[in-house]
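>>> sequence plus predicted model, see below.
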Amino acid sequence: MDFPIFHLDFIGNRAMIAIIAVLHAVINHALAVGLMPVVTMLEIKGFRLMATQPELAEKWDRLAYRILFFAFIITTTIGAMTGVGIWFSAALINPASIASLIRVFFGAWFVEWGVFVTEVVLMLLYFLTWKKLKSSMAMKFRHVKYGLFLSFFSWITMAIIVSILAFMMDTGNWNTNRSFLYGFTNPLYLPQLAFRTPLAMTMGGMIALFLTLIFTRNDQPFRAVALRSISKWVLVWGPFAAGGAMLYYYMIPQNLTGNLPVAMGTIEFQSWYQQIIVIVAVAIGLVILLANWAYFRPRTTPVWLAGVSILLIAGLMGHFERLREFIRKPYVIGEYMYSNGYRVEDYPLLKRDGVLKHANFVATKEITVDNQLAAGRDVFILTCSRCHTSNGAVNSLASKFTNMFGTKPWESGPLKGYIKNMHSARYFMPPFPGNDEELEALTVFIKSLQDYPQPVPGAQDGLGFQKATPAKPLAYN
Amino acid sequence: MFPEGTFLKRLIFMFIQILLQAPTIVQKDIPLPLPVPEWFLIVVLVSMFLVHMLFINFMVGGSIITLAYQLLGLRKPDYDKLAYEVAQTITVNKSMAVVMGIAPLLAINTLYTTYFYTANALTGLMWIMIIPLVTIAFLLLYAHKFLWHRLEKNKLLHISILATSVAIFLFVPLIFLTNVNLMMFPDKWSVVEGFLSALTLPNVFPRYLHFLNACLAASGLLLVWYFGRSSFDFEGKFPALSRYRIRLNLYTVTFYGSVVQFLVGPIVLMTLPTQGLGWNVLGVILTGASIAVFALFWLWKELNAQEAQFGKHFPKIAVTMGIVVLFMGSGRQLYRSNVIDPHRKLVAQKTADYEKMVQEARTEAARPPAAGPATAINMPGETVFNGNCVACHQVDEKLVGPAMKEAAQIYKGNINGLIGWIRKPGKKREGPAMPAQTHLTDEQVKQVAEWILSLNT
């Protein structure tokens, strides 16, 4: 990548983006897409009773408002900012890939922005006018309409973004058909949407159930009525979420075997594939159990169990997000760009000239006997650091090589032999893009991790060139 | 090159380094065409950025004014109620500010990809800190707004909550300003060492002052309108305050903020590196400034008007201010293109050259080697081996797994045992277990097993 490279050598770059993205996706699904229709439904319950039973109507209205309040606070702070955070972190961690995606998806993202503005305006309108627009049936009716629009636009936002995700996961036709409409016709698009929509609705229902259990503690008769409606919602959507998950589950290997047969062979994927079915069964099973409990025995429904089932279903969602990692690797954009930020077509040139020669932000351009370690560090930063730390907590080179070659001093020969060929058996690894001299330098750097590990700074710590190299410590050499 | 020593010494050294011209870096751009015409991106960037900034100004200025009113409210309770009223506007403005920021972010990412991302990476830690910092500020604002009545008895805590988010709001713009400054100067990229050193770029602080004044001026004006609406029952809500007085004070905030801009503006211009200054930039900015004179004139008239006449110039002031902002925003974009465009030509050239090299290397690699030892692959199993096994196995030596010659010894005369192992490996040695090679066909497994056993001879 021809950018100065931001690098976190302890938690790793992927961990940072994963935390931000999963947080955003869970908030979006549970509190926006799923919860807004539930809140609107509760509001309508109250609206229908306005003329006949004003007191009960007020109870429904108050419950709906309090649930919305919770959603409003979270979505307009953590939800909104993590959305921006995905852009920020993607631009820091893999600028080449996000920049390429923006050039293809500008239209989709621009439309998405328009829908997003509408969603935010409706959210503000819905929340802030709640108390003003409740004095008459006509006003309330207008307010209910805001809720319906908001529910619709929240879903549309998700439907568009899923297309972009589906496109990125597809290993197929990017090279022949570089248009974002392709994302909508992608074979994984509809299964994904069929999975995410009911999942979001179930999550929204569960959040509403959880909050209702807390908010109606002092009003048992109303609690029973309220829990019944909300659990009906969950019982309707829950089975669809399970069905969607199964559909998606069965579509995955079909797409994988079509495109990346090797994926099936890895231990990581096999264990993931076995785990997911258990997690789906447990999470959705618990949700359905709890909804039944709330329906038939509203008085004894435990709040903590509702909390646990929400965490489980969020875990299920996070676990499914990992799938993208399996399907896309070794690419970050199917068959066009590898996870390291280099394009497939760059490889012949880089293999011939080396990556350092064509990089701007490196300390070493020419490798000599004296600078092998520094050059190796630069090669690491350019070719490995998007996914690996040197000796940090997540996915470190040191741990990988210790696992493979043990704790005895590593030898250059096997290290080089492995790195040269790793992509042929480990389907998720891109081929090493550099030339033989750089491979040699990289092994010198890797070996230094065994003797004298030093954290590798990223561009945010200064660029490394124009700077004196620190004196070698006595312990080293 | 880099001196040891006190922090101050380091900082001064950094500053000198930054002032010096370092070698200019020319990057390669993303070799995909722009998705939309360049003018479209510029229009989106300039216009939506101004909308974004307007809401940001309302948000930051509104928070500062709320804080000021709340402090006044310690003496005179009606000011506390006034603060509560202003706090209501921030919720809307902050949400709009975030969502309206996405379009210019998208546009700047597309148009100035290499420049923007480079600046982001070089100040990376602080850049990503924007996300948690602003989230915290927003949550604190909500806490401040929705716990107002519950914290009535603990004003110190209540005001501290607001003061914390104001402090965050005052800090975050520095991160943005550092980035938009740094992105324009490729000659500084090689000497910048993280956010703190980029902060010393000469133009950052003058622009920061410019921004703060704009926040005050814009929010003052917004609130003059907000409290002036006939539907707003000012006298009912704040019996001890005069609507006229409060609006007059807010006008004064706007007036003061705008007058100071006339002093800060020239400093901003002077500290801009000269390479981007041109008559086009000066022309646009001076036109903007001269239109601002009219706004100031009407503001002055409002400040000195009789109570009955008060407020009649408001629409003119708002419109003129809007036009001034449009001029200033365009001037800013002109300056940026003046600075960057020559460099963008270099980048485009370099990108084209690089693409040519890439294509040449591809053709070269595709050509079969003219002479040289023919790589004799006699058995199909060797191809399977080279495509699937070599990451962990070699013929003669142990790599991750054992040498194939060793396996050939073990399974001598037992091809089915070897096939069974490849299909469903167990674990016999130290190190990671071999994954099951389920993706290979039966034929391929047989071929590779045959080849392995052939190593015995």
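Now that the structure is in, tell me what you want to look at.

>>> what about the strands in chain A?
For chain A, strands defined by DSSP state E occupy the ranges A:331-333, A:337-338.

>>> ok, of those strands, where does mean pLDDT dip lowest?
Of all the strands of chain A, strand A:331-333 carries the lowest average pLDDT, namely a mean of 83.

>>> residue B:254 reaches residue B:213, doesn't it?
No: assessed by Cβ atoms under 8 Å, residue B:254 is found out of contact with residue B:213, at 10.0 Å. Heads up, the C-betas are built off the backbone N, CA and C, glycines and all.

>>> which one's more surrounded, those two?
Taking other Cβ atoms under 10 Å in any protein chain shown, residue B:254 and residue B:213 do not tie; residue B:254 has more neighbours (26 against 22).

>>> with adjacent residues omitted, what lies nearest to the more buried one?
Once flanking residues are discounted, residue B:254 sits nearest to residue B:220: 3.6 Å by Cβ to Cβ, 6 or more residues apart in numbering or on different chains.

>>> and residue A:384, by the same measure?
residue A:397 (6.7 Å).

>>> for that neighbour, give me its contacts.
A:380, A:384, A:388, A:389, A:390, A:391, A:446, A:449 (Cβ atoms under 8 Å, 6 or more residues apart in numbering or on different chains).

>>> again, but for residue A:7
A:13, A:381, A:385, A:456, A:457, A:458, A:459, A:460.

>>> any idea how far chain B is from the second one?
In other words, residue A:381. Counting by Cβ to the nearest Cβ, to the nearest Å, the gap from residue A:381 to chain B is 12 Å.

>>> what is the neighbour count of the residue nearest to that residue when sequence neighbours are not counted?
Distance criterion Cβ to Cβ, 6+ apart; nearest residue to residue A:381, sequence neighbours excluded, is residue A:5 at 5.3 Å. Around residue A:5 sit 26 other residues, with neighbours defined as other Cβ under 10 Å.

>>> from residue B:282, how far out is residue A:5?
As judged by Cβ to Cβ, to the nearest Å, residue A:5 and residue B:282 stand 38 Å apart.

>>> and stretch B:225-244, how far out from the chain middle?
Remark: stretch B:225-244 is offset 39 Å from the chain centroid, using Cα atoms, centre = their mean, to the nearest Å.

>>> for the residue lying farthest from the centre of chain A, what are phi and psi?
The centre of chain A is farthest from one residue, residue A:52, which by Cα atoms, centre = their mean lies 47.1 Å away. Backbone geometry at residue A:52, expressed as degrees, to the nearest 10, gives phi -90, psi -50.

>>> contacts only, for residue 365.
Looking at chain A here, since you left the chain open. A:356, A:357.

>>> actually chain B
A:348, A:351, A:352.

>>> count the residues that sit near the second one.
So the one you mean is residue A:351. Neighbours around residue A:351, by other Cβ under 10 Å: 18.

>>> surely it and residue A:438 touch.
No: using Cβ under 8 Å, residue A:351 makes no contact with residue A:438, being 9.8 Å away.

>>> is it true that residue A:242 touches residue A:280?
Yes: contact criterion Cβ under 8 Å: residue A:242 and residue A:280 qualify, at 6.4 Å.

>>> before we move on, the earlier item: quick one: the residue nearest to residue B:254 and residue B:227, what's the gap?
As judged by Cβ to Cβ, residue B:220 and residue B:227 stand 11 Å apart.

>>> more neighbours: the two, which one.
residue B:220 (24 against 20).

>>> and the next element down the chain from the helix or strand where that one lies?
Per DSSP states H and E, residue B:220 falls inside helix B:204-228. As assigned by DSSP H and E, the chain's next helix or strand after helix B:204-228 is helix B:234-237.

>>> off-centre distance for the top helix by length along chain B?
Longest helix in chain B, counting residues (DSSP state H): helix B:314-366. Relative to the chain's own centre, helix B:314-366 is displaced by 17 Å; criterion: Cα atoms, centre = their mean.

>>> for chain B, what is the nearest residue in the stretch 101-250 of chain A?
Residue nearest to chain B within the stretch 101-250 of chain A: residue A:106 (3.7 Å; Cβ to the nearest Cβ).

>>> so what's that residue closest to, chain neighbours aside?
Counting by Cβ to Cβ, 6+ apart, the residue nearest residue A:106 is residue B:35, at 3.7 Å.

>>> in stretch B:333-351, what's buried?
For stretch B:333-351, a neighbour-count test (16 or more other Cβ atoms under 10 Å in any protein chain shown) marks B:333-340, B:343-344, B:347, B:350-351 as buried.
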